[in-house]
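Chemist: A predicted structure for the sequence below; I have some questions about it.
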Amino acid sequence: MNFRFKAVQTLTLLLGITLILCGCMEARTTMETWNQNQEVLSLPSKNDPELTFGIIYPMVNDTYEMITENAEASASDYNIKLIVQAPDEANLEQQIRIMEMMIKQKVDGIAIIPVDSEALIDVIDKAVTSGISVICFESDSPSSKRNAFIGADNYKTGKVIAQTVDNLLGGKGMVLVQSGMPQMLGLTQRLKGFQDYLHEYTEIDVLEVRHNHASEEKAIQQLEEMISAHPHFSALINLDFVSSSSSVLVWKAKGLKRYNVALGLTPYVNQSLENGQITRIISQNEQNWGEAIINTLRSLSQDKTMPEFINTEIIEMHN
């Protein structure tokens, strides 16, 4: 699957986004914002060996294109070739085939968001056993032999989202919840953290939970159905990237003024925050994942010891 890549792929773009965010919104940090560990990494060198890294996404999405641009900008400092692949829609069999292809190509490292953490164990282990470094990001496969996980604690992310909703609603109200693939570990963890917090600390009722299976068309349809069935809901909670962007389209079409809490930061979602379609953004610093992928795989290729969990932290953003 080929991605469309913008012509400008430099760190200047990323710095520009950061400046826009700083000027247009106030960010409340629930954990310290993630910073790259410079002690683990060496400076760029013209004598770096040629490396090939693969990045495998669950499907095509604006958030993943942003991560790819960040990865390309970071890889441009080194002698690194990137192979970026994703199914048109989330598909376990296609992810397995892409992994098998990259193993045959003998790439130096693979970064993958597993659509099913258990079902991908065998092919992840096959890659590691063959000498290829494998890292998971966004969602983990902890029972596999993968070398590291990049992202935030997804259970804590769910609790942070619930705390945000608690603050917005004053501990009472009725909410709708959208999520993506029910078999993806990270999304399951977010939902569990969200539900546990609400149950323990609030009187907020979850009216309905829907899973869009990473389909924007299905996400829009399900959201419209939930709104029709529960017209007096207080807030919508989005636990994945597809739900977040799809909710903006529904909010615009219906002119809704209810609270809408999004997961994931992209320029599009940020603009929707400024325009009022989004009330809060909970981010795991996705805009930095591409850099973290390149630096982690590069360090592993140099046989450096890396932490098993590279925590990119959680932040809450609002106007």
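Modeler: Received it, and whenever you're ready, just let me know what you need.

Chemist: quick check: Phe137 vs Ile110, distance?
Modeler: From Phe137 across to Ile110, the span is 11 Å (Cβ to Cβ, to the nearest Å). All C-beta atoms are positioned from the backbone trio N, CA, C, and that covers glycine.

Chemist: just give the nearest non-adjacent residue to Gln183, would you?
Modeler: Asp116 (4.6 Å; Cβ to Cβ, 6 or more residues apart in numbering).

Chemist: OK, contacts around the one you found?
Modeler: Taking Cβ atoms under 8 Å, 6 or more residues apart in numbering as the criterion, Asp116 is in contact with 92, 181, 183-184.

Chemist: what's the closest of the residues you listed to Asn61?
Modeler: Met181 (12.2 Å; Cβ to Cβ).

Chemist: what's near enough to touch the closest one?
Modeler: 58, 90, 115-116, 187, 211, 213-214, 240.

Chemist: what helix or strand does the residue of the chain positioned farthest from its centre sit in?
Modeler: Here the centre of the chain is the reference, and by Cα atoms, centre = their mean the most remote residue is Asn47, at 33.1 Å. Assigning secondary structure by DSSP states H and E places Asn47 outside every helix and strand.

Chemist: after the lowest-mean-pLDDT helix or strand in the chain, next one along is what?
Modeler: Least confident helix or strand of the chain, by mean pLDDT, DSSP states H and E, is strand 26-29 with a mean of 35. Per DSSP H and E, strand 26-29 leads on to strand 51-56 as the next helix or strand towards the C-terminus.

Chemist: whichever helix or strand comes after that following strand vs strand 51-56, what angle?
Modeler: Toward the C-terminus, strand 51-56 is succeeded by helix 62-75 as the next helix or strand (DSSP H and E). Between the axis of helix 62-75 and that of strand 51-56 there is an angle of 170 degrees, by axes from the mean of the first three to the mean of the last three Cα atoms, to 10 degrees.

Chemist: chain center to helix 62-75, what's the gap?
Modeler: Counting by Cα atoms, centre = their mean, to the nearest Å, helix 62-75 is centred 12 Å from the centre of its parent chain.

Chemist: same deal with stretch 113-123?
Modeler: For stretch 113-123, the distance to the chain centre is 17 Å (Cα atoms, centre = their mean).

Chemist: now the end-to-end length of that stretch.
Modeler: 13 Å (Cα to Cα, to the nearest Å).

Chemist: before we move on, the earlier item: got a winner among the contacts of Asp116 for most neighbours?
Modeler: Met184 (26 neighbours; other Cβ atoms under 10 Å).

Chemist: tell me, how many residues neighbour the nearest residue to that residue once chain neighbours are set aside?
Modeler: Leaving aside its sequence neighbours, Met184 sits nearest to Ser139 (Cβ to Cβ, 6+ apart; 5.0 Å). Neighbours of Ser139 under the rule other Cβ under 10 Å: 26.

Chemist: all strands for this protein, in order.
Modeler: Ranges of strands in the chain, per DSSP state E, are 26-29, 51-56, 80-85, 109-112, 133-137, 148-151, 172-179, 203-211, 235-238, 259-263, 280-283, 309-311, 315-318.

Chemist: and these: which comes nearest Gln222?
Modeler: With Cβ to Cβ as the yardstick, what comes closest out of these is strand 203-211 (4.3 Å).

Chemist: average pLDDT for that closest one?
Modeler: Predicted confidence along strand 203-211 averages 98 (mean pLDDT).

Chemist: ditto for stretch 152-167
Modeler: In this model, stretch 152-167 carries a mean pLDDT of 98.

Chemist: which stretches of the stretch 201-319 of the chain form helices?
Modeler: 216-229, 241-254, 267-275, 289-301 (DSSP state H, counting those that start in this stretch).

Chemist: for Asp196, which of these is the nearest?
Modeler: helix 241-254 (19.8 Å).

Chemist: check Phe3 and give its pLDDT.
Modeler: For Phe3, the model assigns a pLDDT of 41.

Chemist: please disregard the earlier target; I meant Pro87.
Modeler: 86.

Chemist: how many other residues sit next to the residue lying closest to it once chain neighbours are set aside?
Modeler: With sequence-adjacent residues excluded and distances taken as Cβ to Cβ, 6+ apart, Pro87 is closest to Gln94, at 4.0 Å. Gln94 has 19 neighbouring residues, counting by other Cβ under 10 Å.
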